[in-house]
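Student: Sequence plus the predicted model coming up.
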Amino acid sequence: PQGVGRGAWFVVGLLAFYPGHLVNLQWGWQVAVFISLLGIVAPVCLLSAPALGWKGQVLALLAALLGAMAFGTTLAVFPVAMALLLLRQDWSLPRRFLAILPWLVMSAGVLVWMRWDHAGAAIAKPSVPALLAYAGNYLGSGVLHFARPLALPWLLVALVVAILSARVAPRQRAVPCLALMACAIGAALLTAWGRAAPFGAEHGFVTRYVSYSVLFWFGWLVLVLGALAARPGWRRWLSPLLGLAA
């Protein structure tokens, strides 16, 4: 955003080169995580673009399918992609519903394939509080990994700030940022569904999950930086918060 100093973007760079990614980079088969991340980020970028043609729609769907084949966490992007299509104000309502049909079919196909592939596998179901606690730790630890008791309260503060920042951001910036954050929340809930019951909420702090949780903080930081530029009067309280995140 205009009005934001170049130094502020160093904070975004810290996330891109977060040492937590090394766990996945050094663990051979975990390259699937980065194929999965491509399957999340590419559809968000393509489907939130100001102009979207059929080529962009096909590429977005193929990227999501590739990501889901690599790592099931990519399933988080499917409902977000459909929401992005339904929110397009430059399309008629029938065109929006027609555009989400392939996503509905592909979602059902991937779920059936995964169900068949894991037939007979029993998964313990977590309680709602355990599910939310795990997901909160998963997301909050993205920037507060070594201050575990503060991760969940910090996440709640960050969510409120994101909502306020999104209200003053241009739609073209707010939509992809919120979409990335939604994908990270979906990834957190999917992981919590499978891991919270057998391992407990503390398992949400596993370092390798940072590769997904940083998507939340990428979106959050861009929204906050934009709010700093759009609302100079907010600097008094937003700047310390941004500094704390850094």
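Tutor: Sure, I can see it. Numbers count the residues shown, from 1 in each chain.
Student: Just say helix, strand or coil for the residue nearest to the spatial centre of the chain.
Tutor: Nearest to the mean C-alpha position of the chain, by C-alpha atoms, centre = their mean, lies Ala184 at 2.5 Å. Secondary structure, DSSP: H, G, I helix; E, B strand; the rest coil: Ala184 is helix.
Student: which residues touch it?
Tutor: 76, 139, 142, 212-216, 219 (C-beta atoms under 8 Å, 6 or more residues apart in numbering). (Glycine included, C-beta is placed from N, CA and C.)
Student: and after the helix or strand encompassing Leu228, which helix or strand comes next?
Tutor: Per DSSP states H and E: Leu228 is located in helix 210-230. Sequence-wise, the next helix or strand downstream of helix 210-230 (DSSP H and E) is helix 235-245.
Student: Looking at the helix holding Leu228 now, give me its mean pLDDT.
Tutor: The average pLDDT within helix 210-230 is 87.
Student: Kindly report the same for stretch 109-126.
Tutor: 75.
Student: any idea how far Gly109 is from the residue lying closest to Ala230 once chain neighbours are set aside?
Tutor: Counting by C-beta to C-beta, 6 or more residues apart in numbering, the nearest residue to Ala230 once its immediate chain neighbours are dropped is Val168, at 4.9 Å. For Val168, the distance to Gly109 (C-beta to C-beta, to the nearest Å) stands at 40 Å.
Student: do Ala245 as well
Tutor: Separation of Ala245 from Gly109 (C-beta to C-beta) stands at 39 Å.
Student: So for these two, which sits in the more crowded spot?
Tutor: Shown here are Ala245 and Gly109; by other C-beta atoms under 10 Å, Ala245 has more neighbours (19 against 12).
Student: Quick check: buried residues in the helix or strand of the chain with the lowest mean pLDDT?
Tutor: Every helix and strand of the chain was ranked by mean pLDDT, DSSP states H and E. The lowest is helix 9-16, at a mean of 77. Buried residues in helix 9-16, counted by 16 or more other C-beta atoms under 10 Å: 11, 14-15.
Student: my read: the residue nearest to Ala230 touches Gly233, true?
Tutor: No - between Val168 and Gly233 there is no contact under C-beta atoms under 8 Å: 11.0 Å.
Student: okay, those two: which has more neighbours?
Tutor: Using other C-beta under 10 Å as the criterion, Val168 and Gly233 rank with Val168 on top: 14 against 7.
Student: What sits closest to Val175 if chain neighbours are left out?
Tutor: Nearest non-adjacent residue to Val175, counting by C-beta to C-beta, 6+ apart: Ser48, 4.9 Å away.
Student: shouldn't the one you found be in contact with Leu84?
Tutor: Yes - with contact defined as C-beta under 8 Å, Ser48 counts as touching Leu84 (5.6 Å).
Student: got any residues that touch both of these two?
Tutor: Joint contacts of Ser48 and Leu84 (C-beta under 8 Å, 6+ apart) are 175, 179.
Student: can you give me the helices for the chain?
Tutor: Ranges of helices within the chain are 9-16, 22-26, 31-47, 54-70, 77-86, 93-117, 128-144, 148-168, 171-199, 210-230, 235-245, based on DSSP state H.
Student: rank the ones you listed by mean pLDDT and give me the bottom one.
Tutor: The bottom spot among the helices of the chain, by mean pLDDT, belongs to helix 9-16, with a mean of 77.
Student: Could you list every helix and strand that that one packs against?
Tutor: Contacts defined by 3 or more C-beta pairs under 8 Å, 6 or more residues apart in numbering; DSSP states H and E place helix 9-16 against helix 210-230.
Student: Distance-wise, check the closest residue to Pro126 other than its chain neighbours relative to Leu84.
Tutor: Using C-beta to C-beta, 6+ apart and skipping residues adjacent in sequence, the residue nearest Pro126 is Ala196, 3.7 Å away. Distance, Ala196 to Leu84, by C-beta to C-beta: 28 Å.
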